[in-house]
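In: have a look; sequence and predicted model below, questions after that.
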Amino acid sequence: MRVVFSKYDGRLHWHHPARLLGEDEHGVWVGCEAGTWGQRGEEPKVWWKHAFVMLFPRDRWWVALFNAEPHKTEVYVDVSTVPEWRDGEVHMVDLDLDVIRFRDGRLLLDDADEFAEHQVAFRYPAEVIAQAEASAAWLMKSVGESAAPFDGSHRPWLDHVHPHM
């Protein structure tokens, strides 16, 4: 299967292959083994050193990525439109804001400046802005408190692509 992020103006953003792992109460899980390639738009491909899993919730404005150790970032959540599945691909629009939890416990809301710029440049509708801001606030609280699904729910899924844990 393929993961496809675009920007609000329709430009292709990050995209890469992944393996469909299954579903649970949190959504659909996919995995990428160490050495999986990714590409931002038409830029050269990069190969990721660490395995990771991604969670695509069914009706939320975000997508979560959980990295295997020793990656310095434990949880990386993209605020996005609700993921849509079609023809073996999952599509969403990256809305700039990212919530990041590092292995040392630090929490960061990243790219607020880019979100502010893109609201004007891409003419985000008021509903999109409101959903993105509400999602970012909920994520800062939930990821920071290690509430489900940011409570280790990813570990059994990560074992499928990183069995050495």
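Out: Perfect, I can see it now.
In: list the buried residues of the lengthiest helix in the chain.
Out: Under DSSP state H, the helix in the chain containing the largest number of residues is helix 126-144. For helix 126-144, burial by neighbour count (16 or more other C-beta atoms under 10 Å) applies to 128, 131-133, 135-136, 138-140, 142-143. Every residue, glycine included, has its C-beta placed from N, CA and C.
In: which is the next helix or strand following that helix?
Out: Next in sequence after helix 126-144, counting helices and strands by DSSP states H and E, comes helix 155-158.
In: hmm, who's touching that following helix?
Out: 21-22, 29, 31, 51-53, 66, 68, 165 (C-beta atoms under 8 Å, 6 or more residues apart in numbering).
In: and if we set it to 10 Å?
Out: For helix 155-158, contacts defined as C-beta atoms under 10 Å, 6 or more residues apart in numbering pick out 21-22, 24, 26, 29-31, 51-55, 66-69, 152, 162, 165.
In: taking these one by one, which sit in strands?
Out: Among these, the members found in strands (DSSP state E) are 21-22, 24, 29-31, 52-55, 66-67.
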